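Novice: Starting from these lines, generate the structure:
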Amino acid sequence: MSKSISIFDTTLRDGTQGEGISLSVDDKLHIAKKLDFLGVQYIEGGIPGSNTKDIEFFKRVQELGLSAKIVAFGSTRRKGSVAEQDTNLNRIIESGADAATLVGKSWDFHVHTALQTTLEENLEMIYDSIRYLKQSGMEVIFDAEHFFDGYKNNAPYAVSVMEKAYEAGADWLVMCDTNGGTMPHEVNEIVSTLVSQLPNANFGIHTHNDCELAVANTLAAISAGARQVQGTMNGYGERCGNANLCSVIPNLQLKLGYKCVEEDKLGQLTNVARYVSEIANVNMPVNQPYVGNAAFAHKGGIHVSAIMRDSRTYEHIVPEQVGNKQRVLVSELAGQSNIISKAKDMGIEFDPTSEQTRNVIDKIKDLEHQGYQFEGADASLELLIREANGEMQELFTFESFKMLVEKNAGKPVVSEAFVKLSVGGRSHYTAAEGNGPVNALDNALRKALVTYYPTLKNMHLSDYKVRVLDDKDTTAAKVRVLIESKNFANTWNTVGVSENIIEASWEALVHSFRYALLEEEPSEFNEPDALPQQGLVNH
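Specialist: Predicted structure coming up:
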C-alpha cells in the first residue's frame, strides 16, 4: 500500500466561507504561491461559475506557473437538464483549471428535501456531470456531500452514489462529513467498508470541525484507506471550520509515517501558516498545535530546567521540524532556569549562582506582582535582562510629554502629542497629530528620532491591547498595555503598566522603540555633522 498522501488545500474556497474572512484576487494569488511552495498537490481556487473575482483568479493564476494542480469547484448539473448546457459546468471548463471538484448529494434526505428530485435523477445528474468534464480532458474529484450522514441513513444509496461517480470516470471519490457530526470510529468503519466495496477507486476525506474532530476523523479515514486529504490552512472554514492541514500534515508525516510534502518543505509549515493568517487578517490562536506561538512554549520552572537538559522531556517533536521554535516564558512562576534560558537565546551568559541572576528574577517577580506580564512581551523582557547585564546604552533620554485632545461639536476628535527628549546631548521638542493619543505619541517620538535612526521608518505598530487589572477601582483602575510592533524582518511585543492609560501606553511605546534600535550604534549618529541642521523644535 502506498504511503503517499495527496494534500488538497481548499483555503481559497471553503476557507473563505469562514466568518470574517474575505480575500481579494491578489490575496488569493499570494496564498496560492505559498501553498505551492509548501508542496500541496491540489489548490482549490474558487467557483468560476459564481462570481467575477474567482473568474479573474483562474485567469491570473495560470501566469504563476505553479507546480500544484489548480482546481475549480462546482456542483452537478441541474435536474431536468443536460450537462452540455449547464452554465456552471461550462465555466469550470472555460476556467483553464487543471481539475474540477464536483459536489453531489449522497444523503437521500437531501436529495428529496434540498434538490426536490428523485434518487434516480440524482444519480444521473452525478454521472452526466462527471462524464462531461472527463470528456473535456479534466481530472475530476467527486465530493460526496453529507456522505457519512447519508450512509448512516441509507447505506445502499450512499454507496450507489459513489459507484455511479466511479462508473462515470471520477479520479477521486471524496467522502464528506459536511455537518461535522461523525465520530472517528464511525469514519473508520464506513471508509473501510467503502474501500473494500470499490477496491480500485481512489478515496479522499473532507471533514468539518463541528465536534472538534475534523483532524481525528481525517486520520481515521486515512488509516482506513483514504489517500487524499481535503482541508484548509489554520482550519479556516464555515461554522467551526475544516480539517486543519497545519495539524493533519505533521500528524500524518511525523507520527504515522506517510509522505505529504517534502521533508525540507515541512520545515516551512509554520511560516506558511502565519503568512496565510496575516493575509487573511485573522489572528492565529497562540495554542494552535505545531504552528502556534505557544506550541513549544514553557513557563513552569521545573519544565524549563528539564528541557534545558533534553527537550524531549516536554516536547513531542523537535519544533524546527515544522519550522517553529522553542520558547521559554518568564513570569511569576519563573525560576532561574527560565532566566538563564532566555538570556542564552539572547547570547547572554548568566551565572545561575550569581547575585545578578537572583536580582533579575526578583525584579521580574516584583514587576509581575505590579501587573506586568512578560510572557506576552518578550521584547520588554529582553531589554530588562540586557540592562541588568550592563549592555543597554542610552540612545535617547526622555524629558517630558503632554497631550492635547480636542472635541468640537460635529467634528472628529483631534489628538496632538508634544514630546521633549534628548538625543546625543541635544534637546528636541516635537509635536505631531495622530488618530488617537497613542498614535500621536508614536508620531511625535518617531519624528524626534528618525533623523538619527533612519531604520525607524521601517517600523510600525501592528497591534494594541489594553486590559484592566483590577476592575474594583472602575475608571481609576490600573491597566496593562501590550503593543505589537513590526518591521520587514521581525515582530516584537512590549508592555507598560500604570493607573493612567496614556502613561502605560508611553512606557510600552518607548520599550518598542528601544528594542527596534538594539542593533544600532549610537556613535554613528552622535557625530556633530550627523545632527540635524534645523532648530530644536520640529513640528
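Novice: C-alpha only now, for contacts and for neighbours.
Specialist: Will do.
Novice: And the strands in the stretch 51-200 of the chain?
Specialist: Under the criterion DSSP state E, counting those that start in this stretch, strands of the stretch 51-200 of the chain are mapped to 69-75, 99-105, 139-145, 172-177.
Novice: Columns mean pLDDT and distance to residue 400 on top of those strands, output as a markdown table?
Specialist: Listed next are the strands of the stretch 51-200 of the chain as a markdown table, based on pLDDT from 0 to 100; distance: least, C-alpha to C-alpha, whole Å:
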| stretch | mean pLDDT | distance to residue 400 |
| --- | --- | --- |
| strand 69-75 | 97 | 58 |
| strand 99-105 | 98 | 63 |
| strand 139-145 | 98 | 65 |
| strand 172-177 | 98 | 61 |
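Novice: I'd like the ones you listed written out as CSV, with distance to residue 117 and mean neighbour count added.
Specialist: Shown next, in CSV, are these (distance: least, C-alpha to C-alpha, whole Å; neighbours: other C-alpha atoms under 10 Å):
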stretch, distance to residue 117, mean neighbour count
strand 69-75, 15, 24
strand 99-105, 11, 24
strand 139-145, 16, 25
strand 172-177, 21, 25
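Novice: mind giving me CSV with those and columns for distance to residue 443?
Specialist: Listed next are those as CSV, based on distance: least, C-alpha to C-alpha, whole Å:
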stretch, distance to residue 443
strand 69-75, 45
strand 99-105, 50
strand 139-145, 53
strand 172-177, 51
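Novice: Model confidence score at the nearest residue to residue 314 once chain neighbours are set aside, please.
Specialist: Nearest residue to residue 314, sequence neighbours excluded (C-alpha to C-alpha, 6 or more residues apart in numbering): residue 307, at 6.4 Å. We have a pLDDT of 74 for residue 307.
Novice: and the most centrally placed residue in the chain, how far is that from residue 373?
Specialist: Geometric centre of the chain, nearest residue: residue 277, 3.2 Å, by C-alpha atoms, centre = their mean. With distances taken as C-alpha to C-alpha, to the nearest Å, residue 277 is found 25 Å from residue 373.
Novice: one step back: ok, which of the strands of the stretch 51-200 of the chain comes nearest residue 221?
Specialist: Residue 221 sits nearest to strand 172-177 of all these, at 9.1 Å, using C-alpha to C-alpha.
Novice: what lines up beside that closest one in the sheet?
Specialist: strand 139-145 (parallel), strand 203-207 (parallel) (DSSP bridges).
Novice: Distance to residue 395 for these - can I get that in a markdown table?
Specialist: Below are these laid out as a markdown table (distance: least, C-alpha to C-alpha, whole Å):
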| stretch | distance to residue 395 |
| --- | --- |
| strand 139-145 | 61 |
| strand 203-207 | 54 |
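Novice: For residue 4, which of these is the nearest?
Specialist: Comparing the strands paired with strand 172-177 by C-alpha to C-alpha, strand 203-207 comes nearest, at 12.5 Å.
Novice: That closest one: what's the following helix or strand?
Specialist: helix 214-223 (DSSP states H and E).
Novice: Packing partners of that next one?
Specialist: When contacts are defined as 3 or more C-alpha pairs under 8 Å, 6 or more residues apart in numbering; DSSP states H and E, helix 214-223 sits against helix 184-197, strand 203-207, helix 245-250.
Novice: how deep is the residue lying closest to residue 326 once chain neighbours are set aside tucked in, by neighbour count?
Specialist: Once flanking residues are discounted, residue 326 sits nearest to residue 296: 5.0 Å by C-alpha to C-alpha, 6+ apart. By the criterion of other C-alpha atoms under 10 Å, residue 296 has 22 neighbours.
Novice: what about residue 296, distance to residue 494?
Specialist: Note on residue 296: its distance to residue 494, by C-alpha to C-alpha, is 21 Å.
Novice: and if you look at residue 279?
Specialist: For residue 279, the distance to residue 494 - C-alpha to C-alpha - is 23 Å.
Novice: These two: who's more crowded?
Specialist: In terms of neighbours (other C-alpha under 10 Å), residue 494 is the more surrounded of residue 279 and residue 494; the figures are 29 against 17.
Novice: ok so residue 493 is a strand residue?
Specialist: Yes: counting by DSSP: H, G, I helix; E, B strand; the rest coil, residue 493 falls inside a strand.
Novice: Quick check: it touching residue 486?
Specialist: No: look at residue 493 against residue 486 with C-alpha atoms under 8 Å: they stay out of range, at 9.0 Å.
Novice: Neighbour count: those two, which is higher?
Specialist: The neighbour comparison of residue 493 against residue 486 (other C-alpha under 10 Å) goes to residue 493, with 26 against 17.
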